[in-house]
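Peer 1: Provided below for reference: sequence and predicted model.
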Amino acid sequence: MRSWPSILHLDLDAFFASVEQRDKPSLRGKPVIVGGIGSRGVVSTASYEAREYGVHSAMATAEARRRCPHAAYLSGRFHAYREASESVMTVLRSVSPLVEPLSLDEAFVDLGASWLIPSPSDDATVLQLAQEIRAAVFAETRLTASVGVGTSKFIAKLATNLAKPDGCHLVPAGTEIDLLAPMPVSAIPGVGPATRERLDRIGIRTIADLQNARPGELRRELGQAAAAGLVELAHARDDRAVVAHRDAKSISVEDTFEHDETDRRQLEAICARDAGEVAHRLDRAGLFARTITVKVRLADFTTLSRSHTLDGATDSPESIASIARQLLDGIDVSDGVRLLGVGVSGFSTTAQEELFSVGEKPTSTSAPVVSTRERRRSTNWRPGADVTHEIHGPGWVWGSGRKVVTVRFETADTGPGPVRSFAIDDPQLHLV
C-alpha cells in the first residue's frame, strides 16, 4: 500500500454534453442530452442542467423526454469527443509516464512516477499539482474536470466523486477508513442492487457495518471471493498499480434500429457497412483479427451471438463482411431485429489470410444500406451534426424532417448564432 496520496483520478464532467455546450454557444447553461434520440434510444450523457430534472445516463430517451422535454437531444459527435480526449491524455502524460485511460473521459495517473514533484511528497504539493492539472486541462480543452487523489485507485476514484462537479479532493494517508465508515456500501465498486439487498438482509448498510462484519456471515451470503474483496476495499486495501497500456480485447460496431428490421438484404448491407468500420479501426490500431462475431438482438429481446475463428488473421473489410454475412445467414430474423453488431477479437500484429472455410469467397460489400436517396440523406442529418453552408458558413443540425434541415450557424468562438432552414438536398449545405 502507498504511504502518500500518489494516485490521481481524473473524470471530465458530463463529458459528451460538455463538449456540445462548449462547441454550441446557444446550449450553454441549458439542458443537453446526448445519446440515442429515437424511441428506443438510451441516454449516454446528460448535462448537469438536465440532471436537475432527474435525467441520467443509461435512462431510456423516451423517459428523459418525459422528464425534460425542453432539453436539446443530440445524437453525438464522436470525432469531437475523441479529439478532446486525446488532448486531455496528452496533458496527463506531460505529468507522468504512467497514465491509465479508463475511457474517453476518465484516467488514472501515477504521481509517484511524475517528474514534476519529488517522491514522496507532502499533501500540499500533491494538491497543488492536481489543481494545476485541472487548469491545464481546461486551458487545452475548455472543459472542466473533477480530480481525486488518494493512496489507491479505489480511494482516488472515491475522492473524485466527492469532488464533483468541477472540483478537487485529496484524501490524506491514514484517513481512509474513517472517510469510508459512514458511506453506504453502494460506494464500493461492484456493490449493485442485488449485493446491496443481500447485505441489507444481514444488517449491513454502511461501510462501517462491513468493516465490523463477521467473516463467516459474509461468506455465507456472498461467497468467499466476493466477501473477501469487499472486506479488503472496506478497509481501504487496494494495491492495484496504474498500468500505462491496456490491450484492447475486441473491437465492435453495433446498430440499434428505430423499428424492428426484417429485410435480410438490408441487414446484410448493414453488416457490410459495420465490417468496414471495424476494419478501419483495426487498420488504425495496426492490428489483425482472427475471430469475427455477429450479435443479433431479436424483437423479443433474445440476444444471439455467432462467431467464426480463422486459421489466420485479417483486417480486410471484404473478408470480415463476408464472414459476418454468412454468420447472419444462420439466424432467423423473420420476426424482426432490434440490434445488429459486428465485432472482431483475437488480435495479432501480423496478417495470415486463410482460405475461406465458412463459405464462398468474399463478395462485394457495396450493397446500399438504404433503398432511396431521400432515406440516405435524411438519416445523415442527425441533431447536433456539424455542417457547413457555402454562404452562411459552419453550423450544426438543429433538426430535420419533411425534407427540410434546420441549422444553427455558430461555433465555439462566435457566440449564439442565427437559425435557418434549407431543403434537405440543398447543394450548398454539406455535412462536415
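Peer 2: Good, I have the coordinates.
Peer 1: Low-confidence stretches in the protein?
Peer 2: 246-248, 258, 351-380 (pLDDT under 70).
Peer 1: Which positions within the helix or strand harbouring R338 qualify as buried?
Peer 2: Taking DSSP states H and E as the definition, R338 sits inside strand 337-348. If you call a residue buried by 16 or more other CB atoms under 10 Å, then strand 337-348 has these buried ones: 337-347. Just so you know, the C-beta spots here come from the backbone N, C-alpha and C atoms, and that holds for glycine as well.
Peer 1: Show me the strands in the stretch 51-200 of the chain, by range?
Peer 2: For the stretch 51-200 of the chain, the strands defined by DSSP state E, counting those that start in this stretch cover 72-74, 99-103, 106-110, 145-150, 168-170.
Peer 1: I'd like the distance from the last one to the chain centre, please.
Peer 2: Which is strand 168-170. Remark: strand 168-170 is offset 24 Å from the chain centroid, using CA atoms, centre = their mean, to the nearest Å.
Peer 1: Mind giving me the packing neighbours of it?
Peer 2: Applying 3 or more CB pairs under 8 Å, 6 or more residues apart in numbering; DSSP states H and E, one finds that strand 168-170 contacts helix 123-141, strand 145-150, helix 153-163.
Peer 1: With the second one instead?
Peer 2: Helices and strands in packing contact with strand 99-103 are listed as helix 78-93, strand 106-110; criterion 3+ CB pairs under 8 Å, 6+ apart.
Peer 1: go on, the third one?
Peer 2: Other elements packing on strand 106-110 under the criterion 3+ CB pairs under 8 Å, 6+ apart are strand 7-12, helix 78-93, strand 99-103.
Peer 1: And the strands in the stretch 201-350 of the chain?
Peer 2: Secondary structure of the stretch 201-350 of the chain (DSSP E, counting those that start in this stretch): strands located at 250-261, 288-298, 303-314, 337-348.
Peer 1: Quick one: closest of the ones you listed to E221.
Peer 2: Ranking those by proximity to E221 (CB to CB) places strand 303-314 first, at 30.0 Å.
Peer 1: in the host helix or strand of V407, what's buried?
Peer 2: V407 belongs to strand 404-408 when assigned by DSSP H and E. Buried positions in strand 404-408, judged by neighbour count with 16+ other CB under 10 Å: 405-408.
Peer 1: distance between that strand and the chain's centre?
Peer 2: Relative to the centre of its chain, strand 404-408 is centred 28 Å away, using CA atoms, centre = their mean.
Peer 1: so A17 sits right up against R51, yeah?
Peer 2: No - with contact defined as CB atoms under 8 Å, A17 does not count as touching R51 (9.5 Å).
Peer 1: So if I had to pick from those two, which one is more boxed in?
Peer 2: Comparing A17 with R51 by neighbour count (other CB atoms under 10 Å), the higher total belongs to A17, at 29 against 18.
Peer 1: returning to that earlier point: ok, so of the buried residues of strand 404-408, who is nearest P25?
Peer 2: Using CB to CB, R408 is the member of these that sits closest to P25, with 9.4 Å.
Peer 1: thought that closest one was touching G417?
Peer 2: Yes - counting by CB under 8 Å, R408 touches G417, with 5.7 Å between them.
Peer 1: who touches both of those two?
Peer 2: Common contacts of R408 and G417 (CB atoms under 8 Å, 6 or more residues apart in numbering): 26, 395.
Peer 1: centre of the chain versus the strand holding R338, how much separation?
Peer 2: Put simply, strand 337-348 sits 17 Å off its chain's centre (CA atoms, centre = their mean).
Peer 1: Export only the CA atoms of it, formatted as PDB.
Peer 2: Only the C-alpha atoms of strand 337-348 are listed here, as PDB (Å, rounded to 0.1, in the frame of the first residue of the first chain):
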ATOM      1  CA  VAL A 337     -34.200  -7.500 -35.400                       C
ATOM      2  CA  ARG A 338     -33.700  -4.700 -32.800                       C
ATOM      3  CA  LEU A 339     -29.900  -4.600 -32.700                       C
ATOM      4  CA  LEU A 340     -27.200  -5.900 -35.100                       C
ATOM      5  CA  GLY A 341     -23.500  -5.800 -34.300                       C
ATOM      6  CA  VAL A 342     -20.200  -6.900 -36.000                       C
ATOM      7  CA  GLY A 343     -17.100  -7.400 -33.900                       C
ATOM      8  CA  VAL A 344     -13.600  -8.900 -34.100                       C
ATOM      9  CA  SER A 345     -11.200 -10.300 -31.500                       C
ATOM     10  CA  GLY A 346      -8.200 -12.500 -31.100                       C
ATOM     11  CA  PHE A 347      -5.700  -9.800 -32.200                       C
ATOM     12  CA  SER A 348      -2.300 -10.200 -33.700                       C
END
